[in-house]
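In: A structural model of the following input is requested.
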Amino acid sequence: MSVLTSLDPIQSLHESAHTLTGAPADFDPLLAQIGDARYVLIGEASHGTHEFYRIRATITKRLILEKGFAAVAVEADWPDAHRVHRYVTGTGDDSDAADALQGFLRFPQWMWRNADVLDFVGWLRAHNDGLPASAPQVGFHGLDLYSLHTSIDAVLRYLRVVDPEAAQRAAERYACFDSFGTDLQAYGHATTLGLSPSCEREVVAQLLELRRSAAEYAQRDHRVTPDDLFFAEQNARLVANAEEYYRAMFRSYASSWNLRDRHMAETLGALAAHLESRMPAPKVVVWAHNSHIGDARATERHRAGELNLGQLIREWAGADTRLVGFSTYEGTVTAASNWDEPAERKRVRPALPGSYEALCRWLSTFEIDERLIEQIVPPGGLQAFIHAVRDNVVLPTDAFRLADELFGARLKPNQEIRKIIVDAGETFFTTALEYIAQADFRAFCQSLSTATGKKGKSLFMPLRAALTSDTHGPEMDKIWRLLGEERVRQRFKAAAALCK
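Out: Down below sits the predicted model:
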């Protein structure tokens with residue numbers, strides 16, 4: 001084990017890290033960890049970063065080719081994604097992948113209408129075209145619930161084919177939303193304040209009627225397929241959940257968030273059940289933001305009463321679930337300054353010090369920093385150095401800085417440290433020189449305090465400044481033992497000279 005990787009929390013990360021080189025085998029360890037899991041949820045730290053989309057597509061292709069995944073379910077509206085599904089399975093009217101993506105009209109359009117998704121959709125169509133006629137094709141489906149009006153239209157189109165009278169009843173029920181047009185937030189606000197009755201009874205009634213009639217519709221008209229019935233039922237369920245969602249928006253953030261992620265989990269479960277009619281134990285890969293595919297129980301959001309898709313699927317499928325998050329230290333992202341405004345290229349701020357993103361950024365510098373540290377720390381002193389500083393090290397550069405401050409050739413005070421030393425005065429440090437033979441730091445401090453009359457901060461701050469060139473850091477008794485009498489003597493002499 002290297003010196004730097006023995007400094008927690010770097011050790012565990014270093015032991016688990018696998019460097020991406022661009023080679024075909026880059027994701028072999030990940031595929032091995034996925035094993036035979038049925039649900040692989042792949043996240044992203046933003047909805048507009050090329051590298052996230054490209055790598056996610058690369059992993060997904062391998063899951064399809066090597067592990068037989070049967071569907072891709074994405075953080076997108078069900079009817080919009082269904083248009084893509086029809087294209088990739090050869091059952092739609094679009095002539096190419098670009099046309100199939102035209103259904104994504106809701107902000108932010110770039111989330112799905114981008115070059116990386118376009119390439120993947122084209123690849124998926126070619127993959128399906130190359131399968132044997134008897135082989136199930138890989139689908140593309142949406143999990144989200146923002147498409148209330150589009151889903152209403154889809155339900156009505158289906159019913160007009162299989163049951164015109166039911167279509168009329170559905171249209172009358174869904175007309176409950178007409179007075180609000182497309183402004184569903186206004187609907188949620190008005191119903192929450194009691195200014196307008198909700199449409200809850202109507203949308204639930206429509207969903208229940210469609211479910212009751214499902215078996216009859218499946219037998220009635222051969223112009224529609226079982227997929228069409230499943231598609232219509234999911235749209236009706238989406239309308240019911242979306243209606244509740246827009247009312248929940250004005251109750252609490254956690255309430256609406258939880259409803260949305262429960263809807264996505266229910267949709268994934270319904271999709272898996274539908275696929276089981278064609279194959280045993282179908283596998284599905286999910287694309288969504290990290291905030292959805294992680295496990296909320298491991299975050300502060302859980303304490304606020306929130307759950308998410310990753311948590312729900314883990315609770316439901318257990319060991320059959322794998323969660324894969326993406327992040328970055330810095331970079332660029334396609335985003336808008338405000339909702340429904342044009343896309344811009346924005347720069348991502350560097351990650352916070354001590355974050356996992358910052359740790360990952362410095363993994364590649366371990367060997368360089370370790371060689372530098374070995375050149376500074378006296379022979380045989382590495383383990384003692386580690387013991388003294390390990391609680392104060394987050395990045396490899398922290399270890400190098402501490403080694404240089406403690407064992408460097410000379411005192412290197414900045415303006416703040418110089419002032420602390422000068423304010424203590426030359427006499428303070430010449431007096432300190434009289435007591436450094438004491439091996440115990442506490443005994444040394446007691447003797448120095450008695451001789452100088454200094455206590456507390458006025459005693460300890462000058463000592464730390466002289467010995468470490470810093471105002472904070474490792475415990476002073478550890479520093480005392482680490483430096484040894486001769487090096488402490490040199491530092492106190494240098495501090496006294498600085499006061500002249």
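In: could you find the closest non-adjacent residue to the residue positioned nearest the centre of the chain?
Out: For the chain, the residue whose C-alpha lies nearest the mean C-alpha position (Cα atoms, centre = their mean) is N290; its distance is 3.3 Å. With sequence-adjacent residues excluded and distances taken as Cβ to Cβ, 6 or more residues apart in numbering, N290 is closest to G43, at 3.8 Å. C-beta: built from backbone N, CA, C; applies to glycine.
In: state the phi and psi torsions of the residue nearest to the centre of the chain.
Out: N290 has phi and psi values of phi -50, psi -40 when expressed as degrees, to the nearest 10.
In: mind listing what it touches?
Out: Going by Cβ atoms under 8 Å, 6 or more residues apart in numbering, N290 touches 43-45, 325-327.
In: by neighbours, which of those residues wins?
Out: E44 (25 neighbours; other Cβ atoms under 10 Å).
In: okay, now the nearest residue to it once chain neighbours are set aside: neighbour count?
Out: Nearest residue to E44 in three dimensions, chain neighbours excluded: F52, at 4.1 Å (Cβ to Cβ, 6+ apart). Neighbour count for F52, taken as other Cβ under 10 Å: 24.
In: just to revisit the earlier point, list the residues that contact the residue nearest to N290.
Out: 288-290, 292-294, 323-326.
In: taking those residues one by one, which sit in helices?
Out: Using DSSP state H, the subset of those located in helices is 290, 292-293.
In: what's whatever helix or strand the residue nearest to E44 lives in packed up against?
Out: Counting by DSSP states H and E, the element that carries F52 is helix 50-67. Other helices and strands packing on helix 50-67, by 3 or more Cβ pairs under 8 Å, 6 or more residues apart in numbering; DSSP states H and E, are helix 28-34, strand 39-42, helix 115-129, strand 284-287.
In: now these as a markdown table including mean neighbour count?
Out: Output for the helices and strands packed on helix 50-67, formatted as a markdown table (neighbours: other Cβ atoms under 10 Å):
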| stretch | mean neighbour count |
| --- | --- |
| helix 28-34 | 13 |
| strand 39-42 | 25 |
| helix 115-129 | 18 |
| strand 284-287 | 25 |
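In: mean pLDDT for the ones you listed - can I get that in JSON lines?
Out: Formatted as JSON lines, the entries for the helices and strands packed on helix 50-67 read as follows, by pLDDT from 0 to 100:
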{"stretch": "helix 28-34", "mean pLDDT": "96"}
{"stretch": "strand 39-42", "mean pLDDT": "98"}
{"stretch": "helix 115-129", "mean pLDDT": "97"}
{"stretch": "strand 284-287", "mean pLDDT": "98"}
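In: would you turn those into CSV with distance to T299?
Out: Conversion of the helices and strands packed on helix 50-67 to CSV gives the following (distance: least, Cβ to Cβ, whole Å):
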stretch, distance to T299
helix 28-34, 21
strand 39-42, 15
helix 115-129, 27
strand 284-287, 18
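In: export the contacts of G43 as a markdown table, with columns for pLDDT.
Out: Output for the contacts of G43, formatted as a markdown table (pLDDT from 0 to 100):
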| residue | pLDDT |
| --- | --- |
| A288 | 98 |
| H289 | 97 |
| N290 | 96 |
| H292 | 97 |
| I293 | 97 |
| G294 | 95 |
| L323 | 97 |
| V324 | 97 |
| G325 | 96 |
| F326 | 94 |
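In: list buried residues within these.
Out: Using 16 or more other Cβ atoms under 10 Å as the burial test, these include 288-290, 292-294, 323-326 as buried.
In: make a markdown table out of the residues you listed and add distance to L359.
Out: Conversion of these to a markdown table gives the following (distance: Cβ to Cβ, whole Å):
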| residue | distance to L359 |
| --- | --- |
| A288 | 25 |
| H289 | 22 |
| N290 | 17 |
| H292 | 24 |
| I293 | 21 |
| G294 | 18 |
| L323 | 19 |
| V324 | 18 |
| G325 | 15 |
| F326 | 16 |
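In: ok so, going back, between the contacts of N290, which is closest to G181?
Out: Taking Cβ to Cβ as the measure, E44 is the one of the contacts of N290 closest to G181, at 32.6 Å.
In: coming back round to it: which ones among the contacts of N290 are found in strands?
Out: In strands, defined here by DSSP state E, there are no members of these.
In: pick the one among the residues you listed closest to M111.
Out: Of the contacts of N290, the one sitting nearest to M111 (Cβ to Cβ) turns out to be E44, at 9.8 Å.
In: next one: the closest one from I55, what distance?
Out: With distances defined as Cβ to Cβ, to the nearest Å, the gap from E44 to I55 amounts to 9 Å.
In: return every residue with contacts to both of those two.
Out: Contact with both E44 and I55 is made by residues F326, according to Cβ under 8 Å, 6+ apart.
In: what's the neighbour count on the nearest residue to H149 once chain neighbours are set aside?
Out: Closest residue to H149 apart from its sequence neighbours, by Cβ to Cβ, 6+ apart: T182 at 6.3 Å. Each residue near T182 was counted by other Cβ under 10 Å, and the total is 9.
In: name the SS class of T182, please.
Out: Reducing the assignment at T182 to three states with DSSP: H, G, I helix; E, B strand; the rest coil gives coil.
In: show me where this structure has strands.
Out: Listed in chain order (using DSSP E), the strands of the chain are 39-42, 71-77, 139-144, 284-287, 321-324, 331-335, 344-348.
In: residues contacting the nearest residue to F104 once chain neighbours are set aside?
Out: In space, not counting the residues next to it along the chain, F104 is nearest to W112; the distance is 4.5 Å by Cβ to Cβ, 6+ apart. Applying Cβ under 8 Å, 6+ apart, one finds that W112 lies in contact with 74, 76, 80, 101, 104.
In: try N114
Out: When contacts are counted by Cβ under 8 Å, 6+ apart, N114 touches 48, 50, 53, 334.
In: list the contacts for the first one?
Out: When contacts are counted by Cβ under 8 Å, 6+ apart, G48 is found next to 108, 110-111, 114, 333-335, 343.
In: now it: closest residue in space, sequence neighbours ignored.
Out: Counting by Cβ to Cβ, 6+ apart, T334 is the residue found nearest to G48 once chain neighbours are left out, at 3.1 Å.
In: can you give me the neighbour number for that neighbour?
Out: 17.
In: who are the contact partners of it?
Out: By Cβ under 8 Å, 6+ apart, T334 lies in contact with 47-49, 110, 114, 343-346.
In: now with 10 Å?
Out: For T334, the set of contacting residues under the criterion of Cβ atoms under 10 Å, 6 or more residues apart in numbering consists of 46-50, 108, 110-111, 114, 343-346.
In: ok, now how distant is F69 from H50?
Out: On the measure of Cβ to Cβ, F69 and H50 end up 23 Å apart.
In: oh, that last question was meant for R212, not what I typed.
Out: R212 sits 47 Å away from H50 when distances are taken as Cβ to Cβ.
In: same thing with A288?
Out: Using Cβ to Cβ, A288 is found at 18 Å from H50.
In: correct me if wrong: the residue nearest to H149 contacts L148.
Out: Yes - counting by Cβ atoms under 10 Å, T182 does reach L148; the two are 9.0 Å apart.
In: circling back: make CSV out of the contacts of N290 and add distance to D404.
Out: Output for the contacts of N290, formatted as CSV (distance: Cβ to Cβ, whole Å):
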residue, distance to D404
G43, 39
E44, 39
A45, 34
G325, 35
F326, 35
S327, 30
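In: show me where pLDDT drops low in the stretch 201-350 of the chain?
Out: Applying pLDDT under 70 to the stretch 201-350 of the chain flags the ranges 221-223.
In: let's go with 80 and repeat that
Out: 218-225, 253 (pLDDT under 80).
In: no further questions, thank you.
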